[in-house]
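[1] Sharing a model prediction with you, sequence too.
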Amino acid sequence: MTPTVSVIIVNYNGLQYLDECFSSLFAMDTREAKVELIMIDNGSSDNSVAFVKERFPAVNVIEHGENHFGKAVNLGIEKSTGSYLVLLNNDTAVDRNWLNGLIRMFNQDAHIGAVQSKVMFADRKTINSTGVREVEDFYFSDIGFEEADAGQYEKPTERDYFTGGSVIISRACLDDVGYLDEDYIMFFEDVDYSIRCRDKGWKIFYSPSSVVYHRYHGSCPTEFGSFFCSRNRLICLAKHFPARLPESVRTSHFYLLGQLDLLYDALLQAAKKLVECHDGPVVRDTFLSLMNKLVVIFGDVRAYNFLSRLETLMGLRKIKIAFYDDQSHYPGGRQRYAATIAETLQDTYDVTYIANKEFTPGRYKQWFGIDLSGCTVKTLAQPVPHEARQTGRCDDAAAAGGRENALRMVSEESLNYDVFVNASAHTDVAPLSPLSIAVYPRFGRKGDEPSLVQEYDYVVAHSSHACSWIEKMWGPDPVASLIYPPVDMHNGRSTVRGKKNIILSIARFEPGGAHKQVEMIQAFAGLAATLHELRAEWSMVLAGLAGVSNSYFEKVQETVERLHLKNVQLKPDLRREEIAELYADAMIFWHAGGLDATEPELMEHSGTATVEAMQNYCVPIVYDGGGLKDIVEQGVSGYRFSTIEELLARTMAVVSDGALKEKLAVGAFARSHNFSIEVFRKNVRGFFLVIESELAGVDALRSAALSGPAAS
């Protein structure tokens, strides 16, 4: 009976090779077998799928979506019907007798499980591979590589290993040995499968009468092949020859090239494979030897972290995340931002909140409507370096000054977690956890305070303004990730037309006057003096946190009294529900934070209050700087100004034109959806999936390989 052979080709953006590849397959001699052609496409963006469907409609095209070679091959095997399966690279062209030369080999010995072709380079004169052999230290090379073909490999020969570029495997062997090990992703899976075949008693042969022409590294650049070969060598050793793993660390190309982060991540994957494939005594003995190597190469802390990361990689426990906030007892924008991240993560991970003062999660419910009941709270009682001792409240301005670093206790505590999130204003907490994140650290002038930001793996910023200054201060390392703040302040009674003639400002009354309430009051007074309608019918409300003994708030009060502004109201320290009512009533929202400022830390970093106003159909007229530039689209969802004169002109235009007022209010409401709590949670979850992958040893180069060049 004529056997059916399923030819499986994995493709990723290989359009330039497909015409030659499939044309040669359709031109080959198929007298000795029926052929089923299957192409698994790994999410190509170069029109590969459409081209093959139109040009070669007989090919069974399966769209996989994920660029993972091992998974793609296994999917092809599942969909195949042949009694033999061929793995063939997409950057090849086959000789007319290619398939017959493979099939005939199985007639020679019933124990033959796999047969490799004679692989030639595209010049058709030089040999690429006639099989694979170990050279030294578990490194491998193609037999005959770069030799001129002079007939020296014209005899069928048994091999220890085959290359997966062109190999046929019998269904009987496949059923016995199993599918490809997907942990390799790409490269070395053929070495692994060769070992598994021989362990099961199957022979591997080379057939010189089956010839294929290969465009070497056509579908995968050399650097990615080198990376995966180095990574997968360690995984393969852990799986098949664990006693050789520790001694192979220093002969790894990662080690020899000084790529220690890549070595560390690869060893995590190898350790996972070791535990999965071997019993207790083998794992114990291998680990003892391996850990000695890790301590010498990486130091005590990273060696300790290695074991912690392996626990999560093996799924033995949830990932432990710690949030540190020295001001957790004091409500502010930073506290709300960090707490919402924690709330988003608490059902998925083991989350602990580290504080310097006693507080209960219930206070966050009261302040922000945030439920932290799924978090553990831990208090490390110690002096808070930038707490204003006279007022008993935190003052951002006080953090800019020099101070003694009293945060060693927090640093030592971070060692107990997989991820340490520094949500405080301190940049001098040294993280000892496997991964660390600084939540928009203070970016004052260099030399203002000690900084260890560059020891963190990631910085989470809440505006493009913050991202740009983080990069100016510390460069591209650590990685700055932008996640806009969560805003959820829509009042159900807010409508476009149900507004009162109120200009509203919501901002903390900072002791240094950073939010410019005095200047806004003076601007309102000038506007009222100019515009009769505004003087008679409009009022201004300024609300925000003031606290006790606030000299700047007293200055604001004096300004209102001095200018005899009966239609200006000050509403300090309101509850959340009261602020929501102000948003529902107000027609226009002013924010002048950053006006006349030269230092980045004095700009409005994110503009949460502005978004809150926009969620309630307020027309924002805000300073054109800092994070506010990200939020308000000029003339679409509000206005931005650079001077007080522009503020007044923009306000007069809105007050005087009802149609413009309504257009901007609707635009503001629509724009505010980009900063919703739902969007925030989605971005946070996506970010922590990256953190999960990194904890598992999925480094940046591997991620780039999966999304960039072809995995085949």
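    Received the coordinates, thanks.

[2] and the chain, what are its domains?
    Domains of the chain are assigned by automatic domain parsing as 4-219, 221-317+681-712, 320-482, 502-675.

[3] Those domains: which one's closest to N491?
    The minimum distance between N491 and the domains of the chain falls on domain 502-675, with 4.1 Å, by CB to CB. Yep, even glycine has a C-beta here, placed from its N, CA and C like the rest.

[4] average pLDDT across that closest one?
    Averaged over domain 502-675, pLDDT sits at 92.

[5] Now do that domain: distance to the chain's middle.
    Distance of domain 502-675 from its chain centroid, counting by CA atoms, centre = their mean, to the nearest Å, is 36 Å.

[6] rewinding a little: which one of the domains of the chain has the poorest average confidence?
    Ranked by mean pLDDT, these end with domain 320-482 in last place, scoring a mean of 79.

[7] now do the same end-to-end measure for it.
    23 Å (CA to CA, to the nearest Å).

[8] Would you mind listing the outside residues contacting stretch 351-359?
    320-326, 328-329, 342, 345, 361, 372, 374-382, 384, 410, 413, 417 (CB atoms under 8 Å, 6 or more residues apart in numbering).

[9] Could you pick out which of these are located in helices?
    Among the contacts of stretch 351-359, DSSP state H puts A342, L345, V410, E413 in helices.

[10] Quick one: residues contacting the first one.
    Put plainly, it is A342. Counting by CB under 8 Å, 6+ apart, the residues that A342 touches are I321, F323, V351, Y353, L372, C375.

[11] burial count for the nearest residue to the second one once chain neighbours are set aside?
    Which is F323. Nearest residue to F323 in three dimensions, chain neighbours excluded: V421, at 4.7 Å (CB to CB, 6 or more residues apart in numbering). V421: 30 surrounding residues under other CB atoms under 10 Å.

[12] How about the one 5 residues further on?
    Counted with other CB under 10 Å, residues neighbouring H426 total 26.

[13] Tell me the buried residues in the helix or strand containing L582?
    Per DSSP states H and E, L582 falls inside helix 576-585. Neighbour-count burial for helix 576-585 flags I579, A580, L582, Y583, A584, D585 (criterion: 16 or more other CB atoms under 10 Å).

[14] Now do the contacts for the third one.
    Residues near L582 by CB under 8 Å, 6+ apart: I502, L504, I506, V541, A543, K571, L574.

[15] same deal with the last one?
    Contact criterion CB under 8 Å, 6+ apart gives K499, K500, I502, L504 as the residues in contact with D585.

[16] Pull out the buried members of the residues you listed.
    The buried subset of the contacts of D585 - by 16+ other CB under 10 Å - is K499, I502, L504.

[17] Going by distance to D123, which of these wins?
    Looking across the buried ones among the contacts of D585 and measuring by CB to CB, the closest to D123 is L504, at 75.3 Å.

[18] Am I right that that closest one is in a strand?
    Yes - counting by DSSP: H, G, I helix; E, B strand; the rest coil, L504 is found in a strand.

[19] Just confirm it contacts V541, I think it does.
    Yes - the criterion here is CB atoms under 8 Å, and L504 meets it with V541 at 5.2 Å.

[20] Need the overlap of contacts for the two.
    Common neighbours of L504 and V541 (CB under 8 Å, 6+ apart) are L582, A586.

[21] circling back to that earlier point, wait, the residue nearest to F323 sits on Y337?
    No - using CB under 8 Å, V421 is not in contact with Y337; the gap is 11.0 Å.
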